[in-house]
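> test case, fold it:
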Amino acid sequence: MALVSDRFRTLRAQGECALIPFITAGDPDLETTAAALRVLDQNGADLIELGVPYSDPLADGPVIQAAATRALAKGVTLDRVLAMVKEVQPHLQAPLILFTYYNPILNRGVDQFMADVAAAGVAGLVVPDLPLEEVDGLLAAAAAASIDVTLLVAPTSPPERIQAIAAQAQGFVYLVSVTGVTGVRSELQSRVKDLIDGLKQTTDKPVGVGFGVSDPDQAQQLKAWGADGVIVGSAFVKRLAGDDPQTALHTIGDFCQSLKAALRA
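Below you'll find the model as predicted:
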C-alpha cells in the first residue's frame with residue numbers, strides 16, 4: 001500500500017499535480033461507493049478522499065451534509081465503511097485518505113481506531129475538527145500505524161500558526177481555499193495564490209487545495225498558482241447522487257478524466 005507522502009513524491013518527480021476526488025461513503029449506498037472508488041481510480045485520481053458520514057459535519061456544506069444524512073439514514077457506520085474499504089482497496093492504485101470528524105475516533109479510542117483503519121487499507125487521514133493543540137496523540141498513533149495525517153490550514157490562519165501546522169502535517173498540507181464550509185464555487189478567490197505562495201515559503205511539503213473547487217478551469221488555475229494537489233468534493237458528491245447509479249458512475253468517470261486532463265495541460 002502506497003503512503004500519501006510516497007504518491008506525492010512520485011508525482012512531484014514527474015512534474016504532475018495530484019487530483020484528489022472526495023466522495024461520501026454510503027451515498028447512495030456502499031456498493032455504489034465501492035464501484036465509484038474503482039471508477040475514480042481508473043479515470044485519473046491520484047489519491048482519493050473518502051468521507052465517513054457524520055451527524056454534525058461542521059466543515060461541510062449542504063451537498064456533502066445531505067449526502068452524509070442520506071448515508072446515515074441507510075444505516076452506514078464506520079465499521080461498514082471499513083469493511084467495504086478492506087474489500088476494494090487491494091484493487092486500487094490510488095491511496096485512500098479517510099475524512100472523519102474526531103468524535104468517532106475518540107469513541108473508539110485513538111490507538112484502536114488507527115489499528116482498524118490501517119487494517120482496512122487506509123493510507124491517510126483528515127480530521128477537520130481537531131485543533132493543532134490536541135493533535136500530538138493522534139499523530140503518534142498514526143505514525144505507529146504508518147498513516148499520514150493531513151492537517152488543514154485556514155485562509156484566516158496567522159503566519160506563525162500556518163508554520164506550526166505545516167511542521168506537523170504529514171503527506172501534504174491541506175489549504176482551505178475559502179472561509180467557510182465545503183461547496184461548489186463559481187470562481188476562485190485571487191488571494192488563494194498568495195496563500196499558496198506563503199505556504200511554499202514556509203514548508204517544502206506538498207500543498208493540496210480544496211473547498212470550492214468545482215471544474216477543470218479552476219483545477220488548472222490552482223496548478224498554475226503552484227498547488228501540488230487539487231481536492232474536488234461537492235462536485236463529485238453531487239454527480240454521484242443521481243437516481244441511476246450506473247449513469248452517475250459514468251458521469252463521475254468522465255468528470256474525473258476532464259479534471260486530470262486539465263491538470264496535465
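> what sits against Thr202?
Pro159, Ile162, Gln163, Ala166 (Cβ atoms under 8 Å, 6 or more residues apart in numbering). Bear in mind the C-beta positions are built from the backbone N, C-alpha and C, glycine included.
> ok, now Val4?
Applying Cβ under 8 Å, 6+ apart, we find Val4 in contact with Leu47, Pro95, Ile97, Ala123, Gly124, Asp148, Thr150, Gln170, Gly171, Phe172.
> I'd say the fourth one and Asp148 touch.
So the one you mean is Ala123. Yes. Ala123 is within contact range of Asp148, at 6.7 Å (criterion: Cβ atoms under 8 Å).
> what is in contact with those two at once?
Applying Cβ under 8 Å, 6+ apart, one finds that Ala123 and Asp148 are jointly contacted by Leu3, Val4.
> could you list the buried residues of the helix or strand harbouring Gln218?
Using DSSP states H and E, Gln218 maps to helix 216-224. Buried residues in helix 216-224, defined by neighbour count with 16 or more other Cβ atoms under 10 Å: Pro216, Gln218, Ala219, Gln220, Gln221, Leu222, Lys223.
> what about the helix or strand that it is followed by, distance to the chain center?
The first helix or strand that comes after helix 216-224 along the chain, using DSSP H and E, is strand 229-232. Remark: strand 229-232 is offset 8 Å from the chain centroid, using Cα atoms, centre = their mean, to the nearest Å.
> restricting to C-alpha, output the following helix or strand past strand 229-232 in CSV.
Proceeding N to C from strand 229-232, the next assigned helix or strand is helix 234-240, under DSSP H and E. Taking only C-alpha atoms (Å, rounded to 0.1, in the frame of the first residue of the first chain), the coordinates of helix 234-240 have been written out as CSV:
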residue,chain,number,x,y,z
SER,A,234,-19.0,18.6,-3.6
ALA,A,235,-18.9,18.5,-7.4
PHE,A,236,-18.3,14.7,-7.3
VAL,A,237,-20.8,14.1,-4.5
LYS,A,238,-23.5,16.0,-6.4
ARG,A,239,-22.9,14.0,-9.6
LEU,A,240,-22.9,10.7,-7.7
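> the helix or strand just after helix 234-240: which residues count as buried?
On the C-terminal side of helix 234-240, the closest following helix or strand by DSSP H and E is helix 245-264. Under the neighbour-count criterion of 16+ other Cβ under 10 Å, helix 245-264 has 245, 248-249, 251-253, 255-257, 259-260, 262-263 buried.
> now these in JSON lines, with distance to Tyr101 and pLDDT?
Formatted as JSON lines, these follow (distance: Cβ to Cβ, whole Å; pLDDT from 0 to 100):
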{"residue": "Pro245", "distance to Tyr101": "26", "pLDDT": "93"}
{"residue": "Ala248", "distance to Tyr101": "26", "pLDDT": "96"}
{"residue": "Leu249", "distance to Tyr101": "27", "pLDDT": "97"}
{"residue": "Thr251", "distance to Tyr101": "28", "pLDDT": "96"}
{"residue": "Ile252", "distance to Tyr101": "24", "pLDDT": "97"}
{"residue": "Gly253", "distance to Tyr101": "29", "pLDDT": "98"}
{"residue": "Phe255", "distance to Tyr101": "26", "pLDDT": "98"}
{"residue": "Cys256", "distance to Tyr101": "26", "pLDDT": "98"}
{"residue": "Gln257", "distance to Tyr101": "31", "pLDDT": "98"}
{"residue": "Leu259", "distance to Tyr101": "26", "pLDDT": "98"}
{"residue": "Lys260", "distance to Tyr101": "29", "pLDDT": "98"}
{"residue": "Ala262", "distance to Tyr101": "31", "pLDDT": "97"}
{"residue": "Leu263", "distance to Tyr101": "29", "pLDDT": "97"}
